[in-house]
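Undergrad: next input, structure requested:
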Amino acid sequence: MAAFEDSLPTPAWGSRYLQLQTPNQVGTDVKVFQTLFNLFLQYSAPPRGPLGTPISADGVFGVSSSRAVHQWQQYFGLQDDGVIGPVTGATFGQYNSAYGGPRFGSRFITTLGMSGGDVTVLQNRLNNYRYFTYVGHPANGTFDASTLNAVQHFQQDMNTLGIDVGVPTDGTVKVETFDALWAYMYLGGRGLWQGRNGIDTLWLQRFLKAQGLYSGPLDGYFSAAVTAAVVAFQTAQGITADGQVGQVTMYHIGQVFNQPAGTWP
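TA: Numbering: from 1, shown residues only. You can find the predicted model right below:
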């Protein structure tokens, strides 16, 4: 078991609704949420001030986690019910119907030739970082030898950089690797365009700001200003400039960013 799991039960992130109940829900999916919430606090600079305060990333959905969900939903204008379902989960980068499904994390990705929306998400997440060089192409939804090689390099980084020691390094995507992908890769779980807000948009804003293309708030809101910055990036890269962040744009982001997972611009 890898370091992230820490002997917790391992329900996949997005596989169940998370909410305050008795007994408390416990699992790595809770820990993914807690980790991402804390990262948003760390890397955002919303004009409305802090979203809240960091919470313990212990994998237990208690009172502080429930409060954080309410704060998150209020911040993003979501239904304020304290429940992490598909809509709230999407703002944490887990869009369960991305690219037609199946849901990312609903099955292990182990066999060459497997295809589907979950493989597209896997390739997107890899392509936004230095692993684009191993994937070798924009996400196409097919688990090929180059994607397996990219996964293996990602897994090796988790271990050698001390980010998530114990992740297997065999190139297949099972429990430990899924958790690492959710917790340490913040863009790629869905396509992004104006109105799609969340932690993935925050990562994008920071990337665009680092390129000198965006000067707006780091608030996780995909605004008209973000759209204009994406168009500028796409134009500079010589790709279709539609202001939407899809597979081709993510592949080009990786070529410019070229950093290991867990890195923020």
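
Undergrad: please identify the helix or strand for the residue nearest the centre of the chain.
TA: A centroid search over the chain (Cα atoms, centre = their mean) returns Tyr186, at 3.0 Å, as the residue closest to the centre. Tyr186 belongs to no helix or strand when assigned by DSSP states H and E.

Undergrad: surely it meets Gln94?
TA: No: applying Cβ atoms under 8 Å as the test, Tyr186 and Gln94 come out as separate, 11.1 Å apart. Every C-beta, even on glycine, is put in place using the N, C-alpha and C of the backbone.

Undergrad: mind listing what the residue nearest to the centre of the chain touches?
TA: By Cβ atoms under 8 Å, 6 or more residues apart in numbering, the residues touching Tyr186 are 36, 39, 93, 199-200, 202-203, 264.

Undergrad: how many neighbours does the nearest residue to Ile253 once chain neighbours are set aside have?
TA: Closest residue to Ile253 apart from its sequence neighbours, by Cβ to Cβ, 6 or more residues apart in numbering: Asn128 at 5.2 Å. By the measure other Cβ atoms under 10 Å, the count of residues near Asn128 is 29.

Undergrad: surely Asn128 meets Met185?
TA: Yes: between Asn128 and Met185 there is a contact under Cβ under 8 Å: 6.9 Å.

Undergrad: tell me where the stretch 101-250 of the chain has helices.
TA: Counting by DSSP state H, counting those that start in this stretch, the stretch 101-250 of the chain has helices at residues 117-127, 132-135, 145-160, 175-184, 199-210, 224-237, 247-257.

Undergrad: could you list the alpha-carbon positions for the fourth one in PDB?
TA: Written as PDB, here are the backbone C-alpha positions of helix 175-184 (Å, rounded to 0.1, in the frame of the first residue of the first chain):
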ATOM      1  CA  VAL A 175      -6.000   1.800  -6.500                       C
ATOM      2  CA  GLU A 176      -2.800   3.500  -5.500                       C
ATOM      3  CA  THR A 177      -2.200   5.100  -8.900                       C
ATOM      4  CA  PHE A 178      -5.700   6.400  -9.200                       C
ATOM      5  CA  ASP A 179      -5.400   8.100  -5.800                       C
ATOM      6  CA  ALA A 180      -2.100   9.600  -6.800                       C
ATOM      7  CA  LEU A 181      -3.600  10.900 -10.100                       C
ATOM      8  CA  TRP A 182      -6.500  12.500  -8.200                       C
ATOM      9  CA  ALA A 183      -4.400  14.000  -5.400                       C
ATOM     10  CA  TYR A 184      -1.400  15.200  -7.500                       C
END
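
Undergrad: check the burial of Tyr214 by counting its neighbours.
TA: Neighbour count for Tyr214, taken as other Cβ under 10 Å: 22.
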